[in-house]
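In: Would you be able to build a 3D model of this:
(one chain, ligands or ions: 1)
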Amino acid sequence: MEDKTSSEQVQLWRSERHTEYHLRQFREPYRSTIHLIQCVRHVIGDHNIALRALDVGCGAGANIFHLGNALPQSRWVGIDIAPDLMRVARELIHRAWAPGRVQFVCGDFFQTTRILPNLTFDLVFSVQTISWLPAYEAILSELMALTAPGGWLFVTSLFTDSLVDATIQIRQLQGPEFVAEGPFYYNIYSIDRFEALCKALGASSVQVTDYLIDQDIPRPSHQHMGTYTERLADGRRLQVSGPLLMPWKVVAIRKESS
Ligand SMILES: C[S@@+](CC[C@H](N)C(=O)[O-])C[C@H]1O[C@@H](n2cnc3c(N)ncnc32)[C@H](O)[C@@H]1O
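Out: From the prediction side, this is the model:
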């Protein structure tokens, strides 16, 4: 299966409702971003050291902003295909950060090693992106190539402990009719297969944590995709969107030292 992002998917990410999703994150980090920051701090230990960091599919840069504030000596590159989001990112972060601390590149992340030749990073991030691609093999190989020996790659996405790779395409309906956008992927990948591929691509260790949200999210008034939570008897919350459970995991992948 070809991995690349469809033009319809890119259009969706450029739409107004997605820009609002990104702007909200700037104002207040999502719980998932706070959890990611805790995972990063846990694995790297000293967070007050100089680090070169890259966010692949960075949207409007809110994760860069919050992670960068938590890692005060980090310097960043963000890459995203949506020019409108890059414009928002430049405006918001450049206002808050020292000049030169972050560079935003508008381009196709499948070409990152060509766009940023001979560059590797201590920290590489792919946040909430690979489940929305047709498949992850090509981008994972690119992400591993961009991670410096001994560095860390963090991937947050929908993963299952089952030995199942679920390729899920959704189409939203307007009454009984399809809305004229999509279909879009919401893939849920086998964590075992993902781990095995990381190791084949040069990972020395792979640490996986479930992301369980600690806040209730009400069910949206519409019947389309949109995350809400349901409580289990033991108090844990399941995240649900449309007909799907959203089993988020954070995967921290250490690239072997050369
Ligand atoms: C679901 S959003 C996640 C954004 C951000 N990481 C976050 O967590 O808020 C996926 C992002 O990947 C970007 N993207 C998708 N395909 C891409 C590609 N081929 N090259 C660069 N960016 C891409 C989209 O424009 C979008 O901003």
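In: How about the residue in this structure that sits furthest from its center?
Out: Distance from the C-alpha centroid of the chain, by CA atoms, centre = their mean, peaks at Pro176 (32.2 Å).
In: which residues touch it?
Out: Listed by CB atoms under 8 Å, 6 or more residues apart in numbering, Pro176 has no contact partners. C-beta coordinates here come from the backbone N, C-alpha and C atoms, glycine included.
In: Got phi/psi on it?
Out: Main-chain torsions, Pro176, degrees, to the nearest 10: phi -80, psi 0.
In: could you measure it against Arg219, distance?
Out: 22 Å (CB to CB, to the nearest Å).
In: Could you do Leu92 as well?
Out: Leu92 is 30 Å from Arg219, by CB to CB.
In: Between these two, point out the one with more neighbours.
Out: Neighbours were counted for Leu92 and for Arg219 using other CB atoms under 10 Å; Leu92 has more, 17 against 12.
In: so is that one in a helix, a strand, or just coil?
Out: helix (DSSP: H, G, I helix; E, B strand; the rest coil).
In: Now for the residue lying closest to it once chain neighbours are set aside: which residues touch it?
Out: Leaving aside its chain neighbours, Leu92 sits nearest to Phe26 (5.6 Å; criterion: CB to CB, 6 or more residues apart in numbering). Residues counted as contacts of Phe26 (CB under 8 Å, 6+ apart) are Ala60, Gly61, Ala62, Phe65, Leu92.
In: among these, which are in reach of the ligand?
Out: By CB under 6 Å from any ligand atom, no member of the contacts of Phe26 lies near the ligand.
In: Of the residues you listed, which is the nearest to Gly235?
Out: Of all those, Ala62 has the smallest distance to Gly235: 28.8 Å, by CB to CB.
In: any idea which helix or strand carries the residue lying closest to the closest one once chain neighbours are set aside?
Out: Excluding the flanking residues, the one nearest Ala62 by CB to CB, 6+ apart is Gln25, at 3.5 Å. Using DSSP states H and E, Gln25 sits in helix 16-27.
In: List every C-alpha atom in whichever helix or strand comes after that helix, with coordinates, as PDB.
Out: Counting by DSSP H and E, the next helix or strand C-terminal to helix 16-27 is helix 31-44. These are the backbone C-alpha positions of helix 31-44, laid out as PDB (Å, rounded to 0.1, in the frame of the first residue of the first chain):
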ATOM      1  CA  ARG A  31      -3.700  16.600  28.500                       C
ATOM      2  CA  SER A  32      -2.000  14.400  25.900                       C
ATOM      3  CA  THR A  33       0.800  17.000  25.400                       C
ATOM      4  CA  ILE A  34       1.300  17.200  29.200                       C
ATOM      5  CA  HIS A  35       1.600  13.400  29.300                       C
ATOM      6  CA  LEU A  36       4.100  13.400  26.400                       C
ATOM      7  CA  ILE A  37       6.200  16.000  28.200                       C
ATOM      8  CA  GLN A  38       6.300  13.800  31.200                       C
ATOM      9  CA  CYS A  39       7.300  10.800  29.100                       C
ATOM     10  CA  VAL A  40      10.100  12.800  27.500                       C
ATOM     11  CA  ARG A  41      11.400  14.000  30.800                       C
ATOM     12  CA  HIS A  42      11.300  10.500  32.200                       C
ATOM     13  CA  VAL A  43      13.400   9.000  29.400                       C
ATOM     14  CA  ILE A  44      15.900  11.800  28.900                       C
END
